[in-house]
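K.L.:
task: produce atomic coordinates for the following.
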Amino acid sequence: MKEYIKFEPSKKPLYENCNNDYHYLFYKDKLLVKKDEKGYSIPTRKDVEELNLEIKHCQCLGAYKGVNCYCGEILGDEKSNYSFVDLKTYSKDICEDDFLVSAKALLLLDFVRNNQRCGICGSPMKMKSEDNDRAMVCINCGNTVWPKTSPAIIVAVTKGDKLLLAHNKMFPKGMYSLIAGFVEMGETLEDCVKREVFEETGIMVHNIKYFGSQPWPFPNSLMIGFTAEYLEGEIKVDNYEIEDAKWFSKEEIPKVYRKSISISSKIIEWFLNRD
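P.N.:
Got it, this is the predicted structure:
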């Protein structure tokens, strides 16, 4: 069971090995990690007690590979052999499962600290105590708020042996990636794929197929990957988010993108490795 479900969500600790509990502690959304010649590691309960850290918004995430996990926020006081890293940097040296637990930690922390006051009456909110629901409840009017996830599509549009990639204004110079965008209210995922590709590049697509998904805590997205095929149209970028878009061959792609732990990279690698 532990191998099948690696992460077990729970508001209460599930195991008794307290000294080995993982603590995902953040300062301005940067994660506190131990750094040695082997790379990064997450502080344990024992480490945290030795550092004598003051933790705000501490929450139990659940358990990962049989070890309880907590998240929280601390003051920015770096200690010897410890440092703060953003999750994108952290993701470069760890496996995807480890990254996803750190993402869960930041998402939960963000939910708790952003819902300290009721949006209806302004009274304090507290974490719901009964059941295993992850929700904040107003102590005055009972308004209940659950964690929110913002779905976003990301799509590989193919045209024969070429892939459509775009350069966003926020990207480093010379870097390209897949078309992506947030799902609008009342919109299907497939309609979002069509709209985003057309709005950003002027291209129409069909044969839309699901590829996979990935939580993305920047700040609270669920990236939903698709593949699609070119239908018609000529590239005409919106010049709002997208500055340039081109059809790239397999030989050209490695020069304009960086392999990473992201689902964007997984989809691009799928294209590069397909027959």
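K.L.:
for the longest helix along the chain, buried residues please.
P.N.:
Identified as the longest helix of the chain according to DSSP state H is helix 96-113. Within helix 96-113, the residues that count as buried by 16 or more other Cβ atoms under 10 Å are 98-112. All C-beta atoms are positioned from the backbone trio N, CA, C, and that covers glycine.
K.L.:
gap between that helix and the chain center?
P.N.:
Here helix 96-113 shows a centroid-to-chain-centroid distance of 8 Å under the convention Cα atoms, centre = their mean, to the nearest Å.
K.L.:
which other helices and strands does whichever helix or strand comes after it contact?
P.N.:
As assigned by DSSP states H and E, the chain's next helix or strand after helix 96-113 is strand 125-127. Judged by 3 or more Cβ pairs under 8 Å, 6 or more residues apart in numbering; DSSP states H and E, the packing partners of strand 125-127 are strand 136-138.
K.L.:
counting by contacts, list what the following helix or strand past the strand it packs on packs against.
P.N.:
Sequence-wise, the next helix or strand downstream of strand 136-138 (DSSP H and E) is strand 144-145. With contacts taken as 3+ Cβ pairs under 8 Å, 6+ apart, strand 144-145 sits against strand 136-138.
K.L.:
for the strand it packs on, which strands pair with it and how are they oriented?
P.N.:
strand 125-127 (antiparallel), strand 144-145 (antiparallel) (DSSP bridges).
K.L.:
for the longest helix of the chain, give me every contacting residue.
P.N.:
6-7, 22, 24, 26, 29, 31, 42, 56-57, 59, 61, 64, 69, 71-73, 87, 90-91, 127, 134, 136, 147-148, 214-217, 219-220, 261 (Cβ atoms under 8 Å, 6 or more residues apart in numbering).
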